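Visitor: this one's structure only:
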């Protein structure tokens, strides 16, 4: 009798153990079905996005890049359906941020970056401080703003009055201009190098810490001309503080419609700008990329975003796909030619 009871208990124990094992449905690796579903949920693209998205930029809070990004982020939330968290990671002209995105960010679509040119696009060709990465190390999304380069002169300038007379003067006389960086990393320095290389001018660069310092030196008479971007000079030009004489763009800017392009004045083979766009780390699922790009396209073209950017002198210039890549590549090729880089 006792033997029968013990046998029955053994059978019941085996049945309980088998039932418990089946209920957890562990796979050969020991992962339960609940855990498998959790992992699948994390990697699924169908419900993207299901949590906040981070937009990182390599510049400090309060600067022009930061202001632009935060204007976009507020509206982008409406188009993407999740909060956009803006994170500043300044350092090395943006490269602290960009290298982190390339090397460390998980390619799940929940982190993307502002990319600034020419700092990013020309970094690999800067002989003084060459960078390891290029635009091909990112998955490009779209361009947002193109801030064309300009040249301005003081109101009391008597030696030249437009771009042709400035170039003629600089062929026989040295002109000083401030630039935020010496070499290929700076669009303003590249403008000066273009005229020196192709038109025989003698424009010498004084290195400074940034655009505001460039303008201060110019207004004080420490430099002869100001090479900058539309956003840097628009307000001063409108207020009559000094005069912008040329825009280095294929067409006149709607933000400075009274200023002729360099092409209109006989210099049609050169355009220069500082552009700001967005990119993902390599490896993001194409369907996720497309959802993010659709939301960016909607937010960038939103009238509220465009009007706010116009107010700060940032001209909307949307490009994506192959057009965006070709836009950046053309600028790289032009700059390499100017600097004699093979």
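Guide: Happy to help now that I have it. What you see is a predicted model; the values in this text were computed from it and never measured.
Visitor: Which strand residues bridge the most centrally placed residue in the chain?
Guide: The chain has residue 115 as the residue nearest its centroid, 2.1 Å off, counting by C-alpha atoms, centre = their mean. Counting by DSSP bridges, residue 115 is bridged to residue 277.
Visitor: quick one, what contacts it?
Guide: Contacts of residue 115 were listed using C-beta atoms under 8 Å, 6 or more residues apart in numbering, and they are 94, 98, 135, 138, 140, 276-279. Heads up, the C-betas are built off the backbone N, CA and C, glycines and all.
Visitor: Can you give the strand pairings for the strand ranked longest in the chain, parallel or anti for each?
Guide: Ranked by number of residues, the top strand in the chain under DSSP state E is strand 138-153. Sheet partners assigned to strand 138-153 using DSSP bridges are listed as strand 226-229 (antiparallel), strand 243-247 (antiparallel), strand 273-281 (antiparallel), strand 316-320 (antiparallel).
Visitor: winner for burial among those?
Guide: strand 226-229 (a mean of 27; mean count of other C-beta atoms under 10 Å).
Visitor: How about residues contacting that strand?
Guide: With contact meaning C-beta under 8 Å, 6+ apart, strand 226-229 is reached by 147-153, 177-179, 187-189, 191-192, 211, 214-215, 218, 233, 242, 273-274.
Visitor: chain center to that strand: distance?
Guide: 20 Å (C-alpha atoms, centre = their mean, to the nearest Å).
Visitor: average pLDDT across the helix or strand following it?
Guide: For strand 226-229, the following helix or strand on the C-terminal side (DSSP states H and E) is helix 230-239. Across helix 230-239, pLDDT averages out at 94.
Visitor: relative to strand 138-153, how tilted is helix 230-239?
Guide: 30 degrees (axes from the mean of the first three to the mean of the last three C-alpha atoms, to 10 degrees).
Visitor: What are the contacting residues of helix 230-239?
Guide: 64, 147-148, 150, 152, 211, 214-215, 226, 242-244, 247, 253, 255-256, 259, 312-315.
Visitor: ChimeraX command for the buried members of those residues?
Guide: Buried residues among the contacts of helix 230-239 (16 or more other C-beta atoms under 10 Å), as a ChimeraX selection:
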select :64,147,148,150,152,211,214,215,226,242,243,244,247,253,255,256,259,313,314,315
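Visitor: returning to what we had before: which member of the contacts of residue 115 is positioned nearest residue 55?
Guide: Nearest to residue 55 out of the contacts of residue 115 is residue 278 (C-beta to C-beta; 7.8 Å).
Visitor: Chain neighbours aside, what residue packs nearest to that closest one?
Guide: Excluding its sequence neighbours, the residue lying closest to residue 278 (C-beta to C-beta, 6 or more residues apart in numbering) is residue 141, at 4.3 Å.
Visitor: in this protein, which ranges drop under the pLDDT threshold?
Guide: Applying pLDDT under 70 to the chain picks out residues 1-44, 182-183.
Visitor: domain ranges for it?
Guide: By the assignment in automatic domain parsing, the chain contains the domains 53-147+273-339, 148-265.
Visitor: Looking at those, which is nearest to residue 47?
Guide: domain 53-147+273-339 (10.6 Å).
Visitor: which two in the contacts of residue 115 are spaced the farthest apart?
Guide: 94 and 140 (15.5 Å).
Visitor: Can you get me a residue count around residue 341?
Guide: Neighbours of residue 341 under the rule other C-beta atoms under 10 Å: 15.
Visitor: was I right about it contacting residue 126?
Guide: No. Residue 341 lies out of contact with residue 126 (C-beta atoms under 8 Å); the separation is 10.0 Å.
Visitor: Touching both of those two, which residues are there?
Guide: Shared contacts of residue 341 and residue 126, counting by C-beta under 8 Å, 6+ apart, come down to residue 184.
Visitor: And the helices in the stretch 1-150 of the chain?
Guide: Taking DSSP state H, counting those that start in this stretch to define them, one finds helices in the stretch 1-150 of the chain at 2-24, 33-43, 64-80, 95-104.
Visitor: Span of stretch 260-278 from start to end?
Guide: With C-alpha to C-alpha, to the nearest Å applied, stretch 260-278 spans 30 Å between its terminal residues.
Visitor: circling back to that earlier point, the domains of the chain into TSV, with extra columns for distance to residue 47?
Guide: Below are the domains of the chain laid out as TSV (distance: least, C-beta to C-beta, whole Å):
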stretch	distance to residue 47
domain 53-147+273-339	11
domain 148-265	39
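Visitor: Let me see the contact set for residue 243.
Guide: 152-155, 157, 237.
Visitor: Only whichever of those residues are buried, select them in PyMOL.
Guide: Here is the PyMOL selection string for the buried members of these, based on 16+ other C-beta under 10 Å:
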select buried, resi 152+153+237
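Visitor: Identify the farthest-apart pair in the contacts of residue 243.
Guide: Farthest apart among those by C-beta to C-beta are 157 and 237. That separation is 14.0 Å.
Visitor: Next, the buried residues of stretch 135-153.
Guide: Going by neighbour count (16+ other C-beta under 10 Å), the buried part of stretch 135-153 is 135, 137-138, 140-153.
Visitor: What number of residues are in the vicinity of residue 61?
Guide: Residues lying near residue 61 (other C-beta under 10 Å) number 12.
Visitor: Can you report how many residues lie near the closest residue in space to it that isn't next to it in sequence?
Guide: Of all residues not flanking residue 61 in the chain, residue 88 sits nearest, at 5.2 Å (C-beta to C-beta, 6+ apart). Counted by other C-beta under 10 Å, the residues lying close to residue 88 total 17.
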